[in-house]
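S.K.: curious how this folds, go ahead:
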Amino acid sequence: MKKTALIFALILVVSGAMAQVADSTQRHVVLKGAANFRDLGGYQTTDGHHVKWGEIYRSADISKLTDSDLVVLKNRNINYDVDLRGHQEAQQAPDRLNPGMDYILLPAGSDGLNNWMKSITKVKGSGGDSLMIIFYSNIDSLALRYKPFFDKLLALPQGQALVFHCTAGKDRTGIGAALLLYSLGVPYETIVNDFLATNYYRKGVNAKMTGQMAAMHIDPEVAKTMLSVKKEDLDATFSAITKRYGSVDIYLKTQIGLDDEKIALLKKKFLE
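M.R.: So this is what the prediction gives:
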């Protein structure tokens, strides 16, 4: 019975994630120089509203955008860029932007990631899962990283759109997307499905990177784990927040600064 229940639960998770990507023709912004670039619009909230299309985008590294990619950003009015990478990441691969775009770097908690990544060569097999849980459970820098992100969203002018990203567009970006969707009233199940959809949007890139990581003497199983996302990862972040602050709602209010007035403003701006 336990095995059957586990299989059923896995089917629900997979089917939910695939339901999220079923609208990929509208959600996925196909660019030559960036992966995992997608619209956060369309998600239904618990009270029947929907996140507006064409206003908030999430992405991986955008340092290699082509001229034609920049035209796509311009046509979509994406004139605000929130970079969640560390200083070294941003210096090594600076974002390629249209002239006049508003740019902000939010490196809190990211500058030590290079040393953390170097330790991966010593990890084998399922140890990669433990590393990811440790990463997602560390919430010490989240407020410093995401409070300015929410401030940008609250001040976003009407008719303008914003993209936020990190390097892979899955961990720091995934947590940011999850907190944003939660603040708008999107059910956790839907939030998880958006999170897991990274595995779909990065499938091709991950296949290439697995080989590159193998050349760096990283265990194939560990490489696969580091390049993908699992429900347990996001669960670890939300559990750590709840354990320390009592609830995600309290955390958003006391640490991110989203009081009732600002939550109402976010919903007014980004829901329909």
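S.K.: and stretch 199-219, what's buried?
M.R.: By 16 or more other C-beta atoms under 10 Å, the buried positions in stretch 199-219 come out as Asn199, Tyr201, Arg202, Val205, Asn206, Met209, Thr210, Met213, Ile218, Asp219. In short, each C-beta sits where N, CA and C put it, glycine included.
S.K.: surely the last one touches Val123?
M.R.: Okay, so that is Asp219. Yes - taking contacts as C-beta atoms under 8 Å, Asp219 lies within contact range of Val123: 6.6 Å.
S.K.: common neighbours of these two, please.
M.R.: In terms of C-beta atoms under 8 Å, 6 or more residues apart in numbering, Asp219 and Val123 are not both contacted by any residue.
S.K.: picking up where we left off before, among the buried residues of stretch 199-219, which one sits closest to Gln92?
M.R.: Met209 (16.5 Å; C-beta to C-beta).
S.K.: quick check: the closest one is in a helix.
M.R.: Yes - checked against DSSP: H, G, I helix; E, B strand; the rest coil, Met209 lies within a helix.
S.K.: for Leu162, see how far away it is.
M.R.: 27 Å (C-beta to C-beta, to the nearest Å).
S.K.: which single one of the buried residues of stretch 199-219 is nearest to Arg244?
M.R.: The closest of those to Arg244 turns out to be Asn199 (C-beta to C-beta; 28.4 Å).
S.K.: now name the helix or strand holding that closest one.
M.R.: helix 198-201 (DSSP states H and E).
S.K.: show me what that helix is packed against.
M.R.: helix 2-21 (3 or more C-beta pairs under 8 Å, 6 or more residues apart in numbering; DSSP states H and E).
S.K.: what's the next secondary structure element after the helix it packs on?
M.R.: Past helix 2-21, the next helix or strand by DSSP H and E is helix 24-27.
S.K.: tell me the secondary structure for the residue nearest to Leu73 when sequence neighbours are not counted?
M.R.: Leaving aside its sequence neighbours, Leu73 sits nearest to Asn98 (C-beta to C-beta, 6 or more residues apart in numbering; 6.1 Å). When classified by three-state DSSP, Asn98 comes out as coil.
S.K.: any regions of the stretch 51-200 of the chain where pLDDT drops low?
M.R.: Residues of the stretch 51-200 of the chain meeting the criterion pLDDT under 70: 113-119, 121, 125-127.
S.K.: ok, now how distant is the one residue sitting closest to the centre of the chain from Ala236?
M.R.: Central residue of the chain (C-alpha atoms, centre = their mean): Gly174, 2.0 Å from the mean position. Remark: distance between Gly174 and Ala236 (C-beta to C-beta) = 12 Å.
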